[in-house]
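Colleague: next come a sequence and a model predicted from it.
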Amino acid sequence: MQGLGLRLQSEEFQIEARHLITLMVTQSYTIVQALETVPNDILREKLRIFMYTVQLSAAVVALRETGSITRERGNDLLAFLQSLSW
């Protein structure tokens with residue numbers, strides 16, 4: 001998450017992002033379900049982009065590490081996803 005710019009976000013954003021990830025890991029919430037717990041509409045939309053970027057980045061890393069895509073393609077995709085989160 002740090003590589004996707006979490007440190008560049010407000011403290012409120014960081015706290016909420018960690019909370020959403022906790023819901024997803026400990027209670028098996030989907031991104032949509034977790035986002036429904038965010039009361040601030042503007043923050044929810046910012047978090048939506050971030051959360052999907054994190055999920056896609058994890059998928060790219062898995063594909064790259066299993067050899068399903070080349071290391072170069074994986075690195076390019078990760079760089080692109082990182083640019084979206086800033």
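Modeller: Nice, I can see it. Since the model is a prediction, treat every value here as computed from it, not as a measurement.

Colleague: helix, strand or coil: sort out Thr37 for me.
Modeller: Assigned by DSSP: H, G, I helix; E, B strand; the rest coil, the conformation of Thr37 is coil.

Colleague: hmm, it is touching Leu23, no?
Modeller: Yes: if you go by CB atoms under 8 Å, Thr37 and Leu23 touch, sitting 6.7 Å apart. All C-beta atoms are positioned from the backbone trio N, CA, C, and that covers glycine.

Colleague: so between the two, which is more surrounded?
Modeller: Neighbour count, other CB atoms under 10 Å: between Thr37 and Leu23, Leu23 has more, with 18 against 12.

Colleague: that one: helix or strand, and which one exactly?
Modeller: helix 11-26 (DSSP states H and E).

Colleague: so in this structure, which helix runs the longest?
Modeller: What stands out as the longest helix in the chain, according to DSSP state H, is helix 41-65.

Colleague: just the angle between that one and helix 11-26, please?
Modeller: Counting by axes from the mean of the first three to the mean of the last three CA atoms, to 10 degrees, helix 41-65 points 50 degrees away from the direction of helix 11-26.

Colleague: now do the helix holding Leu23: distance to the chain's middle.
Modeller: Per CA atoms, centre = their mean, to the nearest Å, the displacement of helix 11-26 from the mean C-alpha position of its chain is 10 Å.

Colleague: and that helix, what's its mean pLDDT?
Modeller: Throughout helix 11-26, pLDDT has a mean value of 92.

Colleague: show me what it is packed against.
Modeller: Using 3 or more CB pairs under 8 Å, 6 or more residues apart in numbering; DSSP states H and E, the elements in contact with helix 11-26 are helix 31-35, helix 41-65.

Colleague: among the ones you listed, which comes closest to Phe13?
Modeller: Closest approach to Phe13 among the helices and strands packed on helix 11-26 is made by helix 41-65 (6.5 Å; CB to CB).
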